[in-house]
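> Sequence and computational prediction follow.
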Amino acid sequence: MKPKTIVTLILIALAIVIVIQNSEMVTVQLFFWKIMMSRIIFLVGLLVVGFSLGFLVAKMTQK
């Protein structure tokens, strides 16, 4: 197995552990809006955005 794959699997496992341990409700305030949601949903959303941005940057710099 490639080292890059191992590191990716470890990061995904850590992300899953962090998300599972944070299940309480939080209030997110963005400008004038207040949104109350589960911290799990918030963290998963941030993880998806972070991985997507990282993937896009990696693809753009491969040229």
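Sure thing, it's come through.
> Tell me which residues are up against the helix of greatest length in the chain.
When the chain is parsed with DSSP state H, its longest helix is helix 39-61. By CB atoms under 8 Å, 6 or more residues apart in numbering, the residues outside helix 39-61 that reach it are Ala15, Ile18, Val19, Ile20, Asn22, Ser23, Glu24, Met25, Val26, Val28. For the C-beta atoms, the positions are set from N, CA and C on the backbone; glycine is no exception.
> do stretch 1-13 as well
By CB under 8 Å, 6+ apart, no surrounding residue is in contact with stretch 1-13.
> how much space is there between the residue lying closest to Asn22 once chain neighbours are set aside and Val28?
Excluding the flanking residues, the one nearest Asn22 by CB to CB, 6 or more residues apart in numbering is Arg39, at 4.3 Å. To Val28, Arg39 is 10 Å away according to CB to CB, to the nearest Å.
> neighbour count winner among those two?
More crowded of Arg39 and Val28, by other CB atoms under 10 Å: Arg39, with 16 against 13.
> Distance from the chain centre to the host helix or strand of Val28, please.
Assigned by DSSP states H and E, Val28 falls within strand 25-30. The chain centroid and the centroid of strand 25-30 are separated by 17 Å, computed with CA atoms, centre = their mean, to the nearest Å.
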